[in-house]
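Trainee: Dropping the sequence and predicted coords here.
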Amino acid sequence: MTNLSLLGGRAAAAGRRIPGSLVVSFVLIALCLVAIALTPFVSAGATAQNILDGLLPPGSPGHILGTDELGRDILLLTIAGTGSALVGPACIALGSMLIGILFGSLGAYHRGPLDFVIGRATDLLLALPVMLLAIVVAGIFGSGYWITVLLLVFLFSPSDVRIVRAGVLEQAPRPYVEAAQMLSLSRWRIMFRHILPNVLPLIITNLLLNIAIALVTLSSLSFLGLGVAPGAADWGRQISDGRSIMLDNPAAVIVPAILIIAVACSINLIGDWLGKVISQRSDR
Amino acid sequence: MTVTIPARPPWIAPLVRMILLRVAGMVAILLIISMLVFGLLYLAPGDLVKNLIGNRPASPEVIAAIRAQYHLDDPLSLQYWRWLTRALIGDFGQSIRMQAPVIDVIASRTGVTLALCALAFALAVVVAVPLGVLSAVRPDGWLDRSVTAVSLVGLSAPSFAIGLLLLYAFAYYLPIFPVYGGGVGPIDTLYHLVLPSIALALGLGAILMRLTRTTVLRELDADYILFARARGMRESRVNRLALRNAAIPITTSAGLVLTYLIGGTILVETIFALPGLGTLLDSSVLYKDIGVVQALTLMVALLIAVITLVVDLSYLLLDPRVRAKELGR
């Protein structure tokens, strides 16, 4: 495609060079994966309470980031919390995208009453903010980490359904679909072998953005006391618990807060970059 | 020679039809939501009567009184109808936690939340829209890059994490602002709301700024701008031309992002211990004070439905291009 924009040259050059912020993002995510791999080794130490020593400020011998009022080491607790900060959100993004792919492509490809029902159902679910629905449902029906993850899969899916539906609708009138129809291939085969690969760039970038949103939502819920059990290693929970000891050990709150912000930013940056790379490749 | 002037523009009839359709759709969605909200009472785990009694002693007389008061022996559809007609006039029953009418409890908390949201919204608009315009005028400049970086943080970070960092930096480390509470009197309240509204405004401002930037960039890319430049129009006038066209989508979408405030205010109020609707929802949910939860959920659903409708219609009324596209068919 010809690019008439005056910025085209510069933007293309910027796309080829990998910016520093992106490198930092990849390093941070890699560190998080290492932390998740380390979790089995640190979780015993992270939840080991030592009430005799009590609260230690950052820089105490043996505890770089100090301890909380139960004597738990903040560094180990933070490392052990990485898993619940990333694994759940990844499952939420994947699960809701699978629902999105199934119902979005079914609706867009078949149209008719099925599409109408799917469309109204997403309207209904999108009529209230996810955060509010999650608080009400998790609060009243009780919550555990995986129950909350399942709830968020459900609550995140309507926007995925809409996105996939729009993508498939855009592909459906193209000649290659018509050609496949003329070969009388089955509907499922056309949908999943022919149309889906063309919608994949959209799906992948949206998947990453959803991980970031899910991380924020899930940690917000555990901050409010919904989602994880009291005392569990979880960044949102840590922030909520650490508020009362903020003067004695600020690291208990600041470290997980900065990590949530940094990881969410990194995932968004990587998602943006991936989206640009994929769309440049498909333009060519 | 007579010129016949049409009595009214030809788009009036389809517009009225569209408004009616939209309102009907909105009412349908609200009805379904109200059924689900009503169902909360029955779906909530635990014994219904116990949930309604709260921490009063559960003597047989109290149980009988509750059953009579809530008409629990009537068929469900009748109960729903009775609940809905009462809810429509603002009667959501008693709050089991506060032992007061739900509507009074909500009314006493609304002020703080309204002030917080209004302040955050004003702050976001005043800062984000000019920044968005400036960064669109010089894309890839230093201002654009730094504003984009800050808006990335605003878009990604949860408001509670931002709020806590602000709280630590400006209330504990540098004790400029109060740590928590709502304050007494207008000036003191405003003072107490500064940090919370900044925390809330950051995410909102980030969305608004990106939106403004994209809209202005799109307008600057349009043919009429190329033409204006080719005619030798001064750059400041060119920009003014683009801004006038960008103003409509920016104003209307500013309304849509209002819904973003609803999730954020719950977290920010919790961080700063503000006695608003967000903390009320949080504590009511944890206490299973279902009457309050029902009322708040229904209010939010109504609010969002109205905002969405008004935004869609204002878009249609303000922008003749959209009108032509939507109603011309």
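Mentor: Done, it's in.
Trainee: Assign a three-state SS to the spatially most central residue of chain B, would you?
Mentor: Per Cα atoms, centre = their mean, the C-alpha nearest to the average position across chain B is that of residue B:259, at 2.6 Å. At residue B:259 the chain is in helix, as set by DSSP: H, G, I helix; E, B strand; the rest coil.
Trainee: What separation is there between it and residue B:285?
Mentor: 20 Å (Cβ to Cβ, to the nearest Å). No exception for glycine: its C-beta is placed from N, CA and C like everyone else's.
Trainee: swap in residue B:91?
Mentor: 21 Å.
Trainee: between these two, which one's more packed in?
Mentor: Summary of the neighbour comparison: residue B:91 and residue B:285, criterion other Cβ atoms under 10 Å in any protein chain shown, with residue B:285 having more neighbours (23 against 13).
Trainee: residues touching that one, list them.
Mentor: With contacts defined as Cβ atoms under 8 Å, 6 or more residues apart in numbering or on different chains, residue B:285 is in contact with A:135, A:136, A:139, A:140, A:226, B:293.
Trainee: Three-state assignment for the fifth one, please.
Mentor: Counting by three-state DSSP, the backbone at residue A:226 sits in coil.
Trainee: and the helix or strand containing residue B:238, how far out from the chain's middle?
Mentor: In the assignment (DSSP states H and E), residue B:238 maps to helix B:235-256. Relative to the centre of its chain, helix B:235-256 is centred 23 Å away, using Cα atoms, centre = their mean, to the nearest Å.
Trainee: Just the buried residues of that helix, please?
Mentor: Buried residues in helix B:235-256, counted by 16 or more other Cβ atoms under 10 Å in any protein chain shown: B:238-239, B:241-243, B:245-250, B:252-254, B:256.
Trainee: picking up where we left off before, state the distance from the residue nearest to the centre of chain B to residue B:24.
Mentor: From residue B:259 across to residue B:24, the span is 21 Å (Cβ to Cβ).
Trainee: If you drop the residues flanking it in sequence, what lies closest to residue B:35?
Mentor: residue B:80 (6.7 Å; Cβ to Cβ, 6 or more residues apart in numbering or on different chains).
Trainee: So the one you found sits against residue B:37, correct?
Mentor: No. In this structure, residue B:80 is not within contact of residue B:37 by Cβ atoms under 8 Å, at 10.2 Å.
Trainee: Tell me how many other residues crowd residue B:263.
Mentor: A total of 24 residues lie near residue B:263 under the criterion other Cβ under 10 Å.
Trainee: And what about it, helix, strand or coil?
Mentor: Under three-state DSSP, residue B:263 comes out as helix.
Trainee: Model confidence score at it, please.
Mentor: With respect to pLDDT, residue B:263 scores 83.
Trainee: Then residue B:227?
Mentor: Per-residue pLDDT puts residue B:227 at 90.
Trainee: Can you give me the distance of it to chain A?
Mentor: Residue B:227 sits 15 Å away from chain A, going by Cβ to the nearest Cβ, to the nearest Å.
Trainee: Would you mark the buried spots in the helix or strand harbouring residue B:224?
Mentor: In the assignment (DSSP H and E), residue B:224 maps to helix B:223-230. Judged by neighbour count using 16+ other Cβ under 10 Å, the buried positions of helix B:223-230 are B:225, B:228.
Trainee: count of residues packed around residue 41?
Mentor: The chain I'm using is chain A. 12.
Trainee: meant chain B, my bad for not saying
Mentor: 21.
Trainee: okay but residue A:243 is in contact with residue A:254, surely?
Mentor: No. Checked against Cβ under 8 Å, the pair residue A:243 and residue A:254 is beyond contact range at 11.3 Å.
Trainee: Look up the residues that both of these two are in contact with.
Mentor: Joint contacts of residue A:243 and residue A:254 (Cβ under 8 Å, 6+ apart) are residue B:164.
Trainee: Kindly give the local confidence score, pLDDT, for the closest residue to residue A:38 other than its chain neighbours.
Mentor: Residue nearest to residue A:38 in three dimensions, not counting chain neighbours: residue A:79, with 6.1 Å by Cβ to Cβ, 6+ apart. Per-residue pLDDT puts residue A:79 at 84.
Trainee: Can you list the residue ranges for helices in chain A?
Mentor: Secondary structure of chain A (DSSP state H): helices located at A:8-16, A:20-47, A:74-110, A:112-126, A:130-141, A:145-171, A:175-182, A:187-189, A:196-223, A:235-242, A:251-283.
Trainee: just checking, what packs against the last one?
Mentor: Read it as helix A:251-283. Here helix A:251-283 touches helix A:8-16, helix A:20-47, helix A:74-110, helix A:196-223, helix A:235-242, helix B:142-156, helix B:159-167, going by 3 or more Cβ pairs under 8 Å, 6 or more residues apart in numbering or on different chains; DSSP states H and E.
Trainee: Okay, buried residues for that helix please.
Mentor: Those would be A:251-257, A:259-275, for helix A:251-283 by 16+ other Cβ under 10 Å.
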